[in-house]
Structures are given as C-alpha cells and as structure tokens.
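Asks: dropping the sequence and predicted coords here.
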Amino acid sequence: MVTFLDLSYCNKIGAGALLIIGKNCKMLSALCRNMAPMNSLSKSSSEDEAHAIASSMPRLKRLEIAYQFINTESLLQILSSCSDLEFVDLRGCWSVILSPHFLKERYPKLTVLGPVVVDKYKYDEYDDHDRDEFSYFSDSSDYLEWDSMAGEVDEYYEDDDDELDEMWDDEGRLDEFQLRFYHGKLRVGTRISASSRTETMAASSSPREEFVYMAKLAEQAERYEEMVEFMEKVSASVESDELSVEERNLLSVAYKNVIGARRASWRIISSIEQKEESRGNDDHVSLIRDYRSKIEAELSKICDGILKLLDSRLIPSASAGDSKVFYLKMKGDYHRYLAEFKTGAERKEAAESTLTAYKAAQDIANAELAPTHPIRLGLALNFSVFYYEILNSPDRACSLAKQAFDEAIAELDTLGEESYKDSTLIMQLLRDNLTLWTSDMQEDGDEIKETEKADEQQ
C-alpha cells in the first residue's frame with residue numbers, strides 16, 4: 001500500500017500518469033511533485049496535472065508542487081477536492097495569488113509555504129470587521145520586481161544547517177539565497193554562521209572590515225537603519241576605491257529593507273485613506289493624510305540619501321560592467337520609489353530620472369553582460385515594472401520582459417553554475433509577470449468590447 005510518493009523533477013511524468021497513479025494508489029497521503037526552476041521555464045502549464053491530482057488523490061494530506069506553473073483556480077480545485085490537506089508547498093508558483101485571510105477562514109488547518117508576491121498596487125483587500133475600525137490588509141502583489149540583486153550574495157553566505165533550521169522555521173529557503181517574507185514584505189539577506197562570526201572577528205583588523213562585520217551583525221538583528229550607517233562608513237572608508245561585491249550587496253540589502261518598510265507602510269495608509277474617503281469620513285481622512293505625509297518625508301530622505309551616495313561615489317568609482325549596471329539599476333530603482341508617491345512635476349521628474357538611469361544601465365548590460373547574467377535580468381525585470389506601473393505602458397513592459405526572457409532562454413546552455421539559481425529565478429519572475437500582465441490586458445480588452453457593445457445596443 002503506497003502512502004508516500006516522490007515524483008519531483010520527473011519531467012516525463014504528466015497528467016495521465018498522475019491520474020493512473022491516483023486511481024491505483026487510493027491511500028496516497030503525500031505527494032512530492034516539485035520542479036527545478038530551469039525545468040519549469042520550459043513548461044507552458046501544469047494545470048492538467050493539478051486537475052489530475054484533484055480528481056484522483058482525495059486523501060492527500062501533504063502536497064509539494066514547488067515551481068509548477070499552475071494558477072489560483074487550479075489550486076482551489078485541489079483544495080476543494082483534497083479536504084484532508086494539511087500542508088502545501090507552493091514556492092515558485094507565482095501565478096497563484098491567495099489572501100492569507102481567505103486561507104485562514106476557509107482552510108484553518110492548512111499550512112501553505114509560498115508563494116508570497118512583492119508589492120501591492122491595488123487596494124482592494126480591505127476587510128472591515130468593525131464599522132469604525134480597520135484590522136487587516138493584504139500586501140501581496142499582482143506583479144513582481146527583483147528589488148535586491150542576488151547575483152553574488154552567496155559569496156558571503158555561510159551555510160550552517162542548525163542555525164538555518166531555527167532561522168527559517170516553515171518559511172523555506174532557496175539554497176544559499178534567502179528570501180524571507182514578513183506580512184507581504186520581501187526581506188533579502190544573508191546568514192552568518194557561528195564559526196564565520198568567530199573567524200571574521202578574529203581576522204578583522206582594518207576599520208573597513210570591522211564596519212562590514214558590524215553591518216552583518218546589524219542585519220541579523222534586523223536593525224537596518226544601523227546597517228545602512230555601517231555600510232555608509234564602509235563607502236566613506238574606501239575613498240576612490242570600488243566596493244567589493246560583498247560590500248555592494250550588503251549596502252543594497254540595508255537600503256532595501258529600510259525603504260521596504262516605509263513603502264509597505266505607505267501602501268497600507270493609502271489603502272485606508274481611500275476607504276475612509278469612500279465613507280465620507282473627512283476628519284479621519286485629514287488625519288491619515290498628515291500621517292501619510294510623514295511617511296513620504298521618510299521615503300524621500302532615504303531615497304535622497306542613497307541617490308546622493310550613488311552619484312557622488314559609487315557610480316563614478318565603478319569600473320567593471322556588472323558594477324556599473326548594478327549601481328545604475330539601483331539609481332533607477334530609488335527614483336522609481338520616489339515616483340510611486342510623488343505627484344505633479346515631482347513625479348514627472350522622478351519618472352524621467354528613473355528612465356534615464358535604467359536606459360544607461362541597459363546600454364551597458366546589453367554590451368557587456370550575457371543575457372543570462374542575473375544583474376542584466378534583474379534590470380530587465382525592474383525596468384519592465386517601471387513601464388507597467390509608473391508609465392502605465394503595459395505593451396512596453398511586456399515587450400521588454402519578453403525580449404529579456406527569450407534572449408536568456410536562447411543562451412541557457414551558457415549559464416554557469418555560479419549564477420544558475422539566481423538567473424533561473426529571475427527568468428521565472430519575468431515569465432510570471434508576462435502571464436499576469438497579458439491576462440490583465442486581455443481582461444481590459446474584453447471589458448472595452450462589452451462596453452462598446454452595450455453602448456451600441458442603447
């Protein structure tokens with residue numbers, strides 16, 4: 001009697017085989033059907049497999065389908081048919097968008113690992129449990145951006161299994177690169193093992209090395225403002241020299257977490273503001289606007305700080321192509337963050353600065369970096385998000401993302417082991433954005449046709 005079956009990474013097994021297995025293994029309670037990111041890129045859809053699981057494996061208690069290309073509807077079919085499910089691994093299933101509140105209400109005993117999507121731009125998850133109070137906001141996203149480049153993060157990552165088990169709990173890990181999610185926010189970072197801390201501390205002698213070490217400690221303590229301060233001291237200590245790969249990634253991680261918390265706060269407050277406006281609560285709206293202005297001032301200060309550092313020191317000192325692209329992309333990112341909340345002439349200026357920085361980075365990336373290079377792919381991902389969100393140009397966004405994806409696919413055989421994980425993950429994000437954006441464009445087109453048809457009938 002088969003109760004557990006692991007079919008992970010078996011590319012030749014499809015929906016038909018799963019259907020036969022389910023019908024003949026009636027006591028099957030655990031199925032592993034995970035895919036490698038690289039393999040999932042070549043699949044157009046895994047929805048038929050999801051249907052096979054739903055229709056033939058009703059006794060499942062544990063299901064692992066990481067990096068399967070399924071959508072929300074297919075997953076809901078599985079959840080409906082497999083009522084005994086206690087755990088589902090959805091890491092890399094970026095087309096699945098689920099509200100934590102929905103899961104808690106409908107499936108209270110179910111543990112879901114991923115997917116968590118970065119950034120929320122549609123404020124429609126406001127749950128009003130009390131007429132005068134707000135209690136829950138979802139901060140998941142309709143599309144993805146690669147906010148902190150993973151290209152060389154693993155160069156200063158030290159693997160310590162015992163500490164990782166304690167650190168990750170049920171949040172999961174992607175090999176050496178950490179993606180940690182807290183209430184809809186993406187935290188990208190590194191892990192210092194106990195042995196590494198001792199060795200590093202013993203070996204540290206120069207102020208620069210001590211600042212780097214203290215930045216790592218601040219990260220582990222989640223004191224990101226101090227992490228920023230230490231990395232700014234590192235930058236000041238090198239004078240005209242270029243930051244190392246380790247140092248530039250630490251700087252990026254520090255600022256990303258500092259700005260990320262404020263961006264999440266701004267979206268939540270903006271969501272509340274919209275809801276209160278619709279209710280006509282003018283007194284509340286006035287208070288909320290004042291509070292939002294405070295958050296916007298913090299956002300501006302953070303962005304101005306890193307942009308000044310980039311222009312005065314980091315970009316001028318960059319010599320290698322990947323460094324230039326990294327910093328120019330970073331410059332574009334922080335101008336884009338300004339454009340997210342600025343209005344009028346200030347928004348236009350921020351958008352123009354974003355476009356200039358991204359284009360400069362793109363020119364260098366196309367000339368000096370391979371299509372599969374994670375920094376080039378990350379640039380394409382964030383540049384396409386800029387077109388979609390800030391410039392409201394879905395056609396350009398899709399064109400840029402598709403071109404980057406297709407060019408990388410064409411050269412997959414040249415992808416080195418050192419960047420395999422990062423590159424394939426970003427390629428997956430590019431494809432997922434394309435899927436979401438083209439779907440939205442199709443829905444918008446259908447709505448326009450229905451409106452035109454209704455007008456004609458009148």
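Replies: Thanks, I have the structure now.
Asks: mind listing what's buried along stretch 408-416?
Replies: A408, L412, L415 (16 or more other C-beta atoms under 10 Å). Bear in mind the C-beta positions are built from the backbone N, C-alpha and C, glycine included.
Asks: please state the offset of it from the chain centre?
Replies: 22 Å (C-alpha atoms, centre = their mean, to the nearest Å).
Asks: now the end-to-end length of that stretch.
Replies: One end of stretch 408-416 to the other measures 12 Å (C-alpha to C-alpha, to the nearest Å).
Asks: flag the least confident of the buried residues of stretch 408-416.
Replies: Minimum pLDDT for the buried residues of stretch 408-416 is recorded at L415 (78).
Asks: now do the SS call for the residue nearest to it when sequence neighbours are not counted.
Replies: Spatial nearest neighbour of L415, chain neighbours left out: T372 (4.7 Å); criterion: C-beta to C-beta, 6 or more residues apart in numbering. Under DSSP: H, G, I helix; E, B strand; the rest coil, the three-state class of T372 is coil.
Asks: quick revisit: JSON lines for the buried residues of stretch 408-416, including distance to K256?
Replies: Formatted as JSON lines, those follow (distance: C-beta to C-beta, whole Å):
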{"residue": "A408", "distance to K256": "23"}
{"residue": "L412", "distance to K256": "28"}
{"residue": "L415", "distance to K256": "25"}
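Asks: show me what the host helix or strand of S252 is packed up against.
Replies: Taking DSSP states H and E as the definition, S252 sits inside helix 245-279. Helices and strands touching helix 245-279, as assessed by 3 or more C-beta pairs under 8 Å, 6 or more residues apart in numbering; DSSP states H and E, comprise strand 185-189, helix 207-220, helix 224-238, helix 282-309, helix 321-341.
Asks: out of those, deepest packed?
Replies: Among those, helix 321-341 has the highest mean neighbour count (mean count of other C-beta atoms under 10 Å), at a mean of 24.
Asks: and the helix or strand following that one, how far out from the chain middle?
Replies: Once helix 321-341 ends, the next helix or strand along the chain (criterion: DSSP H and E) is helix 344-368. Centroid separation between helix 344-368 and its chain, computed with C-alpha atoms, centre = their mean, is 21 Å.
Asks: show the pLDDT at A236.
Replies: pLDDT, A236: 91.
Asks: measure it to E219 for me?
Replies: Distance of A236 to E219, given as C-beta to C-beta, to the nearest Å: 19 Å.
Asks: ok, now which ones touch the spatially closest residue to D311 that is not a sequence neighbour?
Replies: Distance criterion C-beta to C-beta, 6+ apart; nearest residue to D311, sequence neighbours excluded, is K331 at 7.5 Å. K331 sits next to L307, L310, D311, I315, S353, A357, A361 when contact means C-beta atoms under 8 Å, 6 or more residues apart in numbering.
Asks: what sits against the fifth one?
Replies: If I follow you right, that is S353. K331, G332, H335.
Asks: thinking again about what came up before, dump the helices and strands packed on helix 245-279 to a markdown table, plus distance to R262.
Replies: As requested, the helices and strands packed on helix 245-279 are arranged in a markdown table below (distance: least, C-beta to C-beta, whole Å):
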| stretch | distance to R262 |
| --- | --- |
| strand 185-189 | 11 |
| helix 207-220 | 18 |
| helix 224-238 | 11 |
| helix 282-309 | 5 |
| helix 321-341 | 9 |
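Asks: ok, which of those comes nearest L76?
Replies: Nearest to L76 among the helices and strands packed on helix 245-279 is strand 185-189 (24.7 Å), distances taken as C-beta to C-beta.
Asks: how about the secondary structure of D84?
Replies: Relying on three-state DSSP, one would call D84 coil.
Asks: leaving out sequence neighbours, find the closest residue to it.
Replies: Leaving aside its sequence neighbours, D84 sits nearest to K61 (C-beta to C-beta, 6+ apart; 5.2 Å).
Asks: would you list the phi and psi of that neighbour?
Replies: Note on K61: backbone dihedrals following degrees, to the nearest 10 are phi -110, psi -20.
Asks: look up how far A30 lies from it.
Replies: Counting by C-beta to C-beta - K61 and A30 are separated by 6 Å.
Asks: quick one, domains of this structure?
Replies: 4-113, 153-368 (automatic domain parsing).
Asks: surely L369 touches V325?
Replies: Yes: applying C-beta atoms under 8 Å, one finds L369 in contact with V325, separated by 6.3 Å.
Asks: which residues do those two both contact?
Replies: Common neighbours of L369 and V325 (C-beta under 8 Å, 6+ apart) are I375, R376.
Asks: circling back: who has more neighbours, K61 and A30?
Replies: Neighbours per residue (other C-beta atoms under 10 Å) separate K61 from A30, with A30 holding more: 18 against 14.
Asks: tell me where the stretch 301-450 of the chain is predicted with low confidence.
Replies: For the stretch 301-450 of the chain, the stretches with pLDDT under 70 are 444-450.
Asks: give the contact list for I70.
Replies: Applying C-beta under 8 Å, 6+ apart, the residues contacting I70 are S45, S46, E47, E49, A50, C93, S95, V96.
Asks: what about those residues, which one has the most neighbours?
Replies: Of these, with other C-beta under 10 Å as the count, C93 tops at 28 neighbours.
Asks: could you dump the buried residues of stretch 408-416 to a markdown table with secondary structure and distance to L75?
Replies: Shown next, in a markdown table, are those (DSSP: H, G, I helix; E, B strand; the rest coil; distance: C-beta to C-beta, whole Å):
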| residue | secondary structure | distance to L75 |
| --- | --- | --- |
| A408 | helix | 27 |
| L412 | helix | 28 |
| L415 | coil | 30 |
